[in-house]
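Colleague: My questions concern the predicted model and sequence given below.
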Amino acid sequence: MTDDIIVVGAGPAGLAAGIASAKKGRETVCVLERNAVPGRKFLISGSGQCNVTHTGSVAEFLTHYGGAKKARFVQPALLFFDPIAVMRFFEQRGVPLLKREDGKIFPKSLKSGDLLNVLVAELKGRGGKLQTETVVKNVMKTESGFLLSTNRGDFRTKKLILATGGQSYPATGSQGDGFRFAVQLGHHLIEPKPALTPVIVRNYPFGDSSGFSFHSVKIGIHRNGKRLQTGQGDVLLTHKGLSGPGILDLSRNIKPGDELHIALIKSEMLTSDLFAGKKTLKNALQRFGIAERFLVQILESLGIVPDQPATETNRETRKKLELALTGYPFVVELPCGWNEAMATSGGVTLEEVNRQTMESRIIPDLYFCGELLDIDGDTGGYNIQFALSSGFLAGKSSSVGAGFETLLYHTSRVSDGGLPPTK
Ligand SMILES: Cc1cc2nc3c(=O)[nH]c(=O)nc-3n(C[C@H](O)[C@H](O)[C@H](O)COP(=O)(O)OP(=O)(O)OC[C@H]3O[C@@H](n4cnc5c(N)ncnc54)[C@H](O)[C@@H]3O)c2cc1C
């Protein structure tokens, strides 16, 4: 089979690329997907509710992709199809959205399927084809384009968009195939690693307290006695370690053996009146809102008797307590693996991809988008936003061979109210 443009992968990036490149009566566009249904990871995102994007300007978004180099790469895609454009795109197609207090955006129905249906309908409405149960096995460059071998025979195409996602949650279909294709075509990879992952803690004594969480606490990553990075966010105790957005967002930089110092309280909160009065130490400390079971476990791990009268807390014990409560050290056994990671860090190296068009700098007419690239965002909708933005940009670039001016022209139209209507 031959098409003008083939997109491999029907996640948010691939569907967006298909939509932006398809136009009835123009080039033929086909999206190939290994699963029987598109967007399996998209469907489970945000616990099935899909946190599709976040409030905030593009400038604010750029602080959520792990540093200045990544921000520079992401910027043109985000400007081309910005968070407002994403919201309008879905709302104009009949799916109202909900802004949560923390800035996360979900469909009002809290059903990821509602958003997925819009993407699929838009692709088909524009004349794009979606061929499921088609596993791309190998990709070759030919004189006239690309040859794809699949379980359903060979496919030929003039232009190829790879949108195969990363490697996390492999049961959803993202098994890292695109990394292999990219290498076969001459690209280099930054080693793919699990990201947005909980961590397993060494000699973890708090399994009984799993489910307790701390709101917006300071977290420090310490390595070889030095503080490497700090962050702030919610932390959740699990039965074998730590999770929650604060941990997930830092996880791309956490290594086995690192100490994570979690500030359960600020040091100035340990005022002397805490140690006066008739309460036991455990009861006196409850003013900080730390769950009792966890508090008792912390005190016991420090060798402090929880029921001792607060007034009998000597200087040495106060110091120990202060250190523990303002930076309790959790030693990382290891970050969790692919089955628990919500994203992949690493991927197709950014220097080899034109950030204005998503086209390969090595092979003309080859495009990349979404999590396959060496981009991973924080929790909060930043990954799906990038998948959609980079997908729309790759699709639009591939179909019109657009230069930057053409893309800017589309930016103003898109920001003014979603993609132009199909009819
Ligand atoms: C549990 C979980 C919850 C998440 N929640 C959120 C959230 O709320 N908000 C957010 O922003 N991000 C979230 N993410 C991350 C987000 O889902 C991904 O970043 C996003 O789906 C990436 O989109 P993509 O299109 O690049 O890749 P994917 O969504 O992974 O899609 C790639 C597609 O390519 C197909 N494919 C792969 N190889 C082949 C092949 N050889 N042949 C044919 N098809 C192939 C796959 O089957 C898949 O359908 C979550 C991730 C997980 C795992």
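Modeller: Looks like it came in fine.

Colleague: Just say helix, strand or coil for residue 306.
Modeller: Of the three states, residue 306 takes coil under DSSP: H, G, I helix; E, B strand; the rest coil.

Colleague: Measure how buried the residue nearest to it when sequence neighbours are not counted is and give me the count.
Modeller: Leaving aside its sequence neighbours, residue 306 sits nearest to residue 282 (CB to CB, 6 or more residues apart in numbering; 3.9 Å). Just so you know, the C-beta spots here come from the backbone N, C-alpha and C atoms, and that holds for glycine as well. Neighbourhood size, residue 282 [other CB atoms under 10 Å]: 18.

Colleague: Does anything pack onto whichever strand or helix holds residue 282? Which helices or strands?
Modeller: For residue 282, the element it lies in under DSSP states H and E is helix 281-285. Judged by 3 or more CB pairs under 8 Å, 6 or more residues apart in numbering; DSSP states H and E, helix 281-285 is in contact with helix 292-301.

Colleague: pLDDT score assigned to the residue in the stretch 301-423 of the chain that the ligand sits nearest to?
Modeller: Closest approach between the stretch 301-423 of the chain and the ligand, counting by CB to the nearest ligand atom: residue 370, at 2.3 Å. In this model, residue 370 is scored at 98, pLDDT.

Colleague: Quick check: closest non-adjacent residue to the residue in the chain sticking out farthest from the centre.
Modeller: Relative to the mean C-alpha coordinate of the chain, counting by CA atoms, centre = their mean, the farthest residue is residue 278 (48.9 Å). In this structure, residue 278 finds its nearest non-sequential neighbour in residue 309, 7.4 Å apart by CB to CB, 6+ apart.

Colleague: Check the gap between that neighbour and residue 280 for me.
Modeller: To residue 280, residue 309 is 6 Å away according to CB to CB, to the nearest Å.

Colleague: and what of residue 255?
Modeller: From residue 255 to residue 280 the distance is 39 Å (CB to CB).

Colleague: ok, the closest residue to residue 291 other than its chain neighbours - contacts?
Modeller: Once flanking residues are discounted, residue 291 sits nearest to residue 212: 4.6 Å by CB to CB, 6+ apart. Residue 212 sits next to 236-237, 291, 293-294 when contact means CB atoms under 8 Å, 6 or more residues apart in numbering.

Colleague: Now do the buried residues in stretch 261-272.
Modeller: Judged by neighbour count (16 or more other CB atoms under 10 Å), stretch 261-272 contains these buried residues: 261-265, 270.

Colleague: Quick one: residues contacting residue 217.
Modeller: Contacts for residue 217 (CB under 8 Å, 6+ apart) come out as 232-235, 246, 262-264.

Colleague: and the protein, which of its residues are near the ligand?
Modeller: Within the chain, the positions adjacent to the ligand are 8-14, 32-35, 40-42, 44-46, 50-51, 135-136, 163-165, 168-169, 173-174, 177, 342-343, 370-371, 381-384, 387 by CB under 6 Å from any ligand atom.

Colleague: Mind checking which of the residues you listed are buried?
Modeller: The buried subset of the residues of the chain next to the ligand (16+ other CB under 10 Å) comprises 8-14, 32-35, 40-42, 44-46, 50-51, 135-136, 163-165, 168-169, 173-174, 177, 342-343, 370-371, 381-384, 387.

Colleague: Show me the shaky parts of this structure.
Modeller: 24-25, 400-423 (pLDDT under 70).

Colleague: Residue 293 against residue 208, yeah?
Modeller: Yes: Residue 293 lies in contact with residue 208 (CB atoms under 8 Å); the separation is 6.3 Å.

Colleague: Okay, helices next: where are they in the stretch 151-300 of the chain?
Modeller: With DSSP state H, counting those that start in this stretch, the ranges of helices along the stretch 151-300 of the chain come out as 177-184, 245-250, 281-285, 292-301.

Colleague: Would you tell me which of these gets closest to residue 203?
Modeller: Of all the helices of the stretch 151-300 of the chain, it is helix 292-301 that lies closest to residue 203, at 9.6 Å by CB to CB.

Colleague: Can you mark which positions in the next helix or strand after the closest one are buried?
Modeller: Tracing the chain C-terminally past helix 292-301 and defining elements by DSSP H and E, one meets helix 315-327 next. Using 16+ other CB under 10 Å as the test for burial, helix 315-327 gives 317, 320-321, 324-327.

Colleague: farthest pair in the residues you listed?
Modeller: Within these, 317 and 327 form the most distant pair, 16.7 Å apart (CB to CB).

Colleague: if we can go back for a sec, higher neighbour count, residue 255 and residue 280?
Modeller: When neighbours are counted by other CB under 10 Å, residue 280 comes out ahead of the other of residue 255 and residue 280, with 16 against 12.

Colleague: so the more buried one makes contact with residue 304?
Modeller: No: if you go by CB under 8 Å, residue 280 and residue 304 don't touch, sitting 11.1 Å apart.

Colleague: Now, the residues of the chain next to the ligand that are in strands?
Modeller: Judged by DSSP state E, strands contain the following of those: 8, 32, 136, 343.

Colleague: Show me which pair in those is furthest apart.
Modeller: The distance between the two most remote of those (CB to CB) is 22.8 Å, for 32 and 343.

Colleague: and the nearest residue to residue 391 once chain neighbours are set aside, what is it in contact with?
Modeller: The shortest distance from residue 391 to any non-neighbouring residue, by CB to CB, 6+ apart, is to residue 16 (3.0 Å). Contacts for residue 16 (CB under 8 Å, 6+ apart) come out as 81, 119, 369, 387-392, 395.

Colleague: Could you rerun that using 10 Å?
Modeller: 7, 81, 86, 89, 119, 122-123, 163, 369-370, 387-396, 419 (CB atoms under 10 Å, 6 or more residues apart in numbering).

Colleague: per-domain residue ranges of the chain.
Modeller: Recorded structural domains for the chain (assignment: automatic domain parsing) are 2-195+342-415, 199-335.

Colleague: So which of those domains is the most surrounded?
Modeller: domain 2-195+342-415 (a mean of 21; mean count of other CB atoms under 10 Å).

Colleague: just how off-centre is the lengthiest helix in the chain within its chain?
Modeller: Ranked by residue count, the top helix of the chain under DSSP state H comes out as helix 382-400. In this view, helix 382-400 has its centroid 16 Å away from the chain centroid, taken as CA atoms, centre = their mean, to the nearest Å.

Colleague: Put the alpha carbons of that helix into PDB.
Modeller: This file holds the C-alpha atoms of helix 382-400, laid out as PDB (Å, rounded to 0.1, in the frame of the first residue of the first chain):
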ATOM      1  CA  TYR A 382       2.600  18.800  30.300                       C
ATOM      2  CA  ASN A 383       3.300  15.500  28.500                       C
ATOM      3  CA  ILE A 384       0.000  15.300  26.600                       C
ATOM      4  CA  GLN A 385       0.300  19.000  25.700                       C
ATOM      5  CA  PHE A 386       3.700  18.400  24.200                       C
ATOM      6  CA  ALA A 387       2.500  15.300  22.400                       C
ATOM      7  CA  LEU A 388      -0.400  17.300  20.800                       C
ATOM      8  CA  SER A 389       1.700  20.400  20.100                       C
ATOM      9  CA  SER A 390       4.600  18.500  18.500                       C
ATOM     10  CA  GLY A 391       2.100  16.200  16.600                       C
ATOM     11  CA  PHE A 392       0.200  19.100  15.100                       C
ATOM     12  CA  LEU A 393       3.500  20.800  14.200                       C
ATOM     13  CA  ALA A 394       5.000  17.700  12.600                       C
ATOM     14  CA  GLY A 395       1.700  17.000  10.700                       C
ATOM     15  CA  LYS A 396       1.400  20.600   9.400                       C
ATOM     16  CA  SER A 397       5.100  20.700   8.400                       C
ATOM     17  CA  SER A 398       5.000  17.500   6.500                       C
ATOM     18  CA  SER A 399       1.900  18.300   4.500                       C
ATOM     19  CA  VAL A 400       2.800  21.700   3.200                       C
END
